[in-house]
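> Curious how this folds, go ahead:
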Amino acid sequence: MANYYYVKAGGISSGASDDGGRSATKLTTSFTTMGTGGYYDSLFAVFNGGPATAPTAGDIICVSDAHAKSYTVNTILAITDGTLIYSVDDTAASVYKRGASEITSGTFDLTFFNSTISKAAYSKGVEYISGDDITACTGEHQKLTLEDCLIGFAGTGTDKLTVGGKDDTQLVLKNVNMTAGSPSQYINILDSTLIWTGGSLDSSINVLTLGSGSSGSAVIIEDVNLVNLNTAISTNMSQVGNDMFTLDANRVTLASGVVLDSSTPVVAKFAEVRGNALKIGSDTNGFSSFYLKNYVGEVSKDTETYRIAGVTDQADGKFSAAMVGNTNVSIAQPLAFELSNFFVDTDDYTGSITFEVAFCIEGTSQPAVINNSQFHIEVEHADGADDTLGVVVSSAGTPLDATNHTTTTGEWAVDGAFNIQMTDSVTVSIGGSAGNIASGVVRVNAYLTINVDSIQAGDLFFVCRKVDVS
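The predicted structure is shown next:
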């Protein structure tokens with residue numbers, strides 16, 4: 001069974017070897033009732049010899065919401081693997097209440113673990129503030145989860161919150177607010193993973209995450225308000241060796257002009273930056289912006305060239321996806337983008353179903369038609385013989401047998417004087433045989449294998465995210 005350890009500033013100190021603040025059963029009393037001999041002075045005291053019986057995996061650390069510990073030295077909390085830390089009501093120790101705080105003052109660092117061995121710990125409701133650097137994880141297979149709290153810096157230097165030092169380390173933030181004392185402060189992602197879900201950046205900083213290391217890192221941010229970010233979510237993520245960096249930002253609020261990634265070169269060969277359901281600048285009516293950047297190009301929302309019968313959002317009206325391949329794009333390395341996914345009921349159709357995608361090339365002079373080796377779509381659907389399996393159907397041709405796409409007119413509102421409008425489609429038979437389509441979720445992806453600007457200088461490529469189904 002778990003032991004319970006109680007913490008409030010002014011209690012039993014580190015090294016005391018005193019079990020007065022430990023209980024084999026959960027306490028419901030107030031910290032006043034416990035008295036200073038009934039709790040430990042700090043988290044450091046709990047994990048550094050305060051108790052005679054040291055915490056082990058599964059033990060619960062209950063920290064008074066009135067607890068405010070200030071350290072005046074560099075502090076390694078040395079949290080024990082598998083322990084759980086909760087901020088609790090000072091008047092009722094069995095009730096969760098956010099508010100406890102652990103702070104290093106001046107220019108002193110705060111570190112959570114004391115070694116590079118595999119560890120995992122969880123903390124909810126306890127605020128962690130450092131006068132200088134914070135180190136969350138330092139060893140291989142370490143994981144720290146912080147929930148419903150504040151983390152940040154009291155100092156004004158170029159301080160950082162470091163995640164990593166070895167492969168497979170992870171910092172998880174759930175409904176966490178981050179604060180900073182200087183715009184130059186940031187999160188250092190060192191061969192590791194940051195997952196931040198819910199919460200906000202409460203102070204102005206320039207770049208949220210900066211990459212270092214060479215084995216690969218990932219940043220996943222969802223449902224976080226980053227409106228106080230000045231420049232970019234990430235930078236330097238793809239400049240270290242052949243770093244396989246991934247940034248996923250979903251339902252994130254950003255200020256106008258802020259980008260997802262500002263790395264130079266743009267991205268390393270196996271890196272990718274993805275953003276979906278973004279709210280940027282004056283886009284106040286909905287999370288409607290999207291963005292993709294990788295080694296071969298980028299995709300972004302465009303509101304000046306769009307299909308008239310295409311998609312609409314409340315913030316910007318009609319829009320399309322601008323796909324820009326660079327000099328690295330090719331059949332071997334296409335610029336791939338998910339246009340849409342949706343449920344299809346085959347009972348609504350007879351015989352077969354056609355999925356059609358419209359696209360447009362705009363230029364300073366008349367663009368040429370392109371073929372299905374240069375742009376194509378893929379449709380993923382449930383298999384007729386076994387709907388637990390998926391089938392991928394492609395419209396792609398090879399350079400040996402490619403056919404030109406069908407041209408249309410009058411379907412697009414365009415920004416320039418010259419354009420060519422085209423469609424691409426895939427038709428799948430309905431039935432119970434392998435390769436037929438069954439009712440289920442369909443995903444449609446677009447693949448661009450050329451830099452249209454290299455065919456004719458100034459050409460731009462746009463695709464509609466609405467898929468016509470008939």
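
> Could you tell me how many residues sit around Thr33?
Thr33 has 11 neighbours, counted by other CB atoms under 10 Å. The way it works is simple: take the backbone N, C-alpha and C, and place the C-beta from them, glycine included.

> typed the wrong thing, it's Ser470
For Ser470, using other CB under 10 Å, the count is 10.

> what's the answer for Ser17, then?
12.

> Spit out the contact partners of it.
Taking CB atoms under 8 Å, 6 or more residues apart in numbering, we find Ser17 in contact with 49-52.

> Name the member of those with the most neighbours.
For the contacts of Ser17, neighbours tallied by other CB under 10 Å; top is Gly50, 29 neighbours.

> Quick check: beta-bridge partners of the closest residue to that residue other than its chain neighbours?
Nearest residue to Gly50, sequence neighbours excluded (CB to CB, 6 or more residues apart in numbering): Tyr40, at 4.5 Å. Counting by DSSP bridges, Tyr40 is bridged to Ile12.

> Isn't Tyr40 up against Gly49?
No. Using CB atoms under 8 Å, Tyr40 is not in contact with Gly49; the gap is 10.3 Å.

> Looking at the contacts of Ser17, which is nearest Val224?
Proximity of the contacts of Ser17 to Val224 (CB to CB) peaks at Gly50, which lies at 35.6 Å.

> so how far is Asp65 from Ser42?
Applying CB to CB, to the nearest Å, the value for Ser42 to Asp65 is 15 Å.

> Looking at these two, which has the bigger crowd around it?
Ser42 (25 against 22).

> contacting residues around that one?
7, 9, 14, 69, 71, 102.

> Among these, which one has the most neighbours?
Neighbour max across the contacts of Ser42 (other CB under 10 Å) = Val7, 29 neighbours.

> if I look at that residue, how far off is Lys124?
Here the criterion is CB to CB. By it, Val7 lies 14 Å from Lys124.

> in which helix or strand would I find Ser340?
strand 335-344 (DSSP states H and E).

> is it possible to export the contacts of Ser17 to JSON lines including secondary structure and pLDDT?
Shown next, in JSON lines, are these (DSSP: H, G, I helix; E, B strand; the rest coil; pLDDT from 0 to 100):
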{"residue": "Gly49", "secondary structure": "coil", "pLDDT": "95"}
{"residue": "Gly50", "secondary structure": "coil", "pLDDT": "97"}
{"residue": "Pro51", "secondary structure": "coil", "pLDDT": "98"}
{"residue": "Ala52", "secondary structure": "coil", "pLDDT": "97"}
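
> JSON lines please, covering those and showing distance to Gln142.
Shown next, in JSON lines, are the contacts of Ser17 (distance: CB to CB, whole Å):
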{"residue": "Gly49", "distance to Gln142": "22"}
{"residue": "Gly50", "distance to Gln142": "23"}
{"residue": "Pro51", "distance to Gln142": "23"}
{"residue": "Ala52", "distance to Gln142": "27"}
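
> quick one: contacts for Asn451?
Counting by CB under 8 Å, 6+ apart, Asn451 touches 297, 324-327, 329.

> Make a ChimeraX selection of the buried ones in the residues you listed.
To isolate the buried subset of the contacts of Asn451 in ChimeraX, counting by 16 or more other CB atoms under 10 Å, use the following:
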select :297,324,325,329
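
> Among the contacts of Asn451, which pair sits farthest apart?
Largest separation among the contacts of Asn451 by CB to CB: Val324 and Thr327, giving 11.3 Å.

> Using PDB, list the CA coordinates for stretch 85-97.
This file holds the C-alpha atoms of stretch 85-97, laid out as PDB (Å, rounded to 0.1, in the frame of the first residue of the first chain):
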ATOM      1  CA  ILE A  85       2.800  14.700  -6.100                       C
ATOM      2  CA  TYR A  86      -0.400  16.600  -5.400                       C
ATOM      3  CA  SER A  87      -1.200  20.000  -4.100                       C
ATOM      4  CA  VAL A  88      -3.900  19.700  -1.400                       C
ATOM      5  CA  ASP A  89      -6.100  22.000   0.700                       C
ATOM      6  CA  ASP A  90      -4.200  23.300   3.700                       C
ATOM      7  CA  THR A  91      -7.400  22.900   5.800                       C
ATOM      8  CA  ALA A  92      -8.300  19.400   4.500                       C
ATOM      9  CA  ALA A  93      -5.300  17.300   3.400                       C
ATOM     10  CA  SER A  94      -7.300  14.800   1.500                       C
ATOM     11  CA  VAL A  95      -8.800  17.400  -0.900                       C
ATOM     12  CA  TYR A  96      -7.000  18.400  -4.100                       C
ATOM     13  CA  LYS A  97      -6.400  22.100  -4.400                       C
END
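
> shaky segments in this protein?
Residues of the chain meeting the criterion pLDDT under 70: 165-167, 212-215, 236-244, 264-270, 282-287, 314-316.

> where along it do the helices fall?
Along the chain, counting by DSSP state H, helices occupy 31-34, 43-47, 452-455.

> Give me whichever of those helices is most buried.
Among the helices of the chain, ranked by average contacts under mean count of other CB atoms under 10 Å, first place goes to helix 43-47 (a mean of 26).

> okay, now the residue nearest to Gly50: neighbour count?
For Tyr40, using other CB under 10 Å, the count is 31.

> Kindly report the same for Ser365.
The number of residues packed near Ser365 is 11, by other CB under 10 Å.

> cool, the one 3 residues further on as well?
Here the number of neighbours of Ala368 (other CB under 10 Å) works out to 13.

> Pull the distance from stretch 198-207 to the chain's centre.
From the chain centre to the centre of stretch 198-207 is a distance of 14 Å (CA atoms, centre = their mean, to the nearest Å).

> how long is it end to end?
One end of stretch 198-207 to the other measures 19 Å (CA to CA, to the nearest Å).
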